[in-house]
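1. my questions concern the predicted model and sequence given below.
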Amino acid sequence: MKVLATLLFLAACSADVEQHAHPQPPAQAPQSAALASQDREFLEQASQGNTAEIALGAITTTHAARAEVIAFGQMMVRDHSAANAKLAAIAASKRISLPTDLGEHQAAYDRVVEKKRESFDRDFVRVMVEEHQQAAELFRSEAANGADAQLKAYAAATLPVIESHFQQAQTLASAFGKSQ
């Protein structure tokens, strides 16, 4: 019995020594989920678009003349912050980093950031019409043709908000046309 116990002890020690002599490599973190190119492009463009709408909306409080433009800007900050948070959660679940820049939307931001009062209001509203028209097309395409189920669902759920923003921006633009 004593011999058996000694053999078991030596076997356990030898396994422990073997494990320390040849340690196993640490488990690697899963790589980012492979996305179809359309899905990856949508993820990037939607994030940059949301970031641009937030940035543009934020400056209305200091640049705009009309209360309705400021209110629209505040809605941009609120709605696009919520949309970007949902998109960030999807990206995180896929281990994908979202861009933090404005991308192609930088030019639109630059077009209005230096303007004030009526000039700002007019150009801001034009930019909002253009940006939301493009965003609606992007989200419509992803909802219909995307490969990733989460991104398709996100696009489909967010599209009505973008279309509403587009309609409201058109209404504001129409009001500017009548007042000039």
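-> Happy to help now that I have it. Quick caveat, the model's predicted, so the values are computed rather than measured.
2. what is the neighbour count of residue 55?
-> 18 (other Cβ atoms under 10 Å). Where C-beta positions appear, they are placed from N, C-alpha and C, glycine not excepted.
3. nearest residue to it in space, please, no chain neighbours.
-> What sits nearest to residue 55 in space, not counting adjacent residues and going by Cβ to Cβ, 6 or more residues apart in numbering, is residue 109, at 5.9 Å.
4. same check on residue 145?
-> Setting aside the residues directly before and after it, residue 145 is nearest to residue 38 in space (Cβ to Cβ, 6+ apart), at 6.5 Å.
5. helix, strand, or coil at that neighbour?
-> Judged by DSSP: H, G, I helix; E, B strand; the rest coil, the three-state class of residue 38 is helix.
6. which positions within stretch 62-78 qualify as buried?
-> 63-64, 66, 69-70, 72-73, 75-77 (16 or more other Cβ atoms under 10 Å).
7. wait, the residue nearest to residue 145 touches residue 144, no?
-> No - with contact defined as Cβ atoms under 8 Å, residue 38 does not count as touching residue 144 (10.6 Å).
8. ok, the two, which is more surrounded?
-> Comparing residue 38 with residue 144 by other Cβ under 10 Å, the one with more neighbours is residue 38, at 15 against 10.
9. quick check: closest non-adjacent residue to the most centrally placed residue in the chain.
-> Among the residues of the chain, the one closest to the centroid is residue 47, at 2.9 Å (Cα atoms, centre = their mean). Closest residue to residue 47 apart from its sequence neighbours, by Cβ to Cβ, 6+ apart: residue 98 at 4.2 Å.
10. residue 147 now?
-> residue 36 (4.0 Å).
11. who's in contact with the one you found?
-> If a contact means Cβ atoms under 8 Å, 6 or more residues apart in numbering, then residue 36 has 146-148 as its contacts.
12. can you flag the buried ones in the residues you listed?
-> Burial by neighbour count, 16+ other Cβ under 10 Å: within the contacts of residue 36 this picks out 146, 148.
13. hmm, back to that, shouldn't the residue nearest to the centre of the chain be within a helix?
-> Yes - per three-state DSSP, residue 47 lies within a helix segment.
14. contacts only, for it.
-> Counting by Cβ under 8 Å, 6+ apart, residue 47 has contacts 84, 87-88, 91, 98-99.
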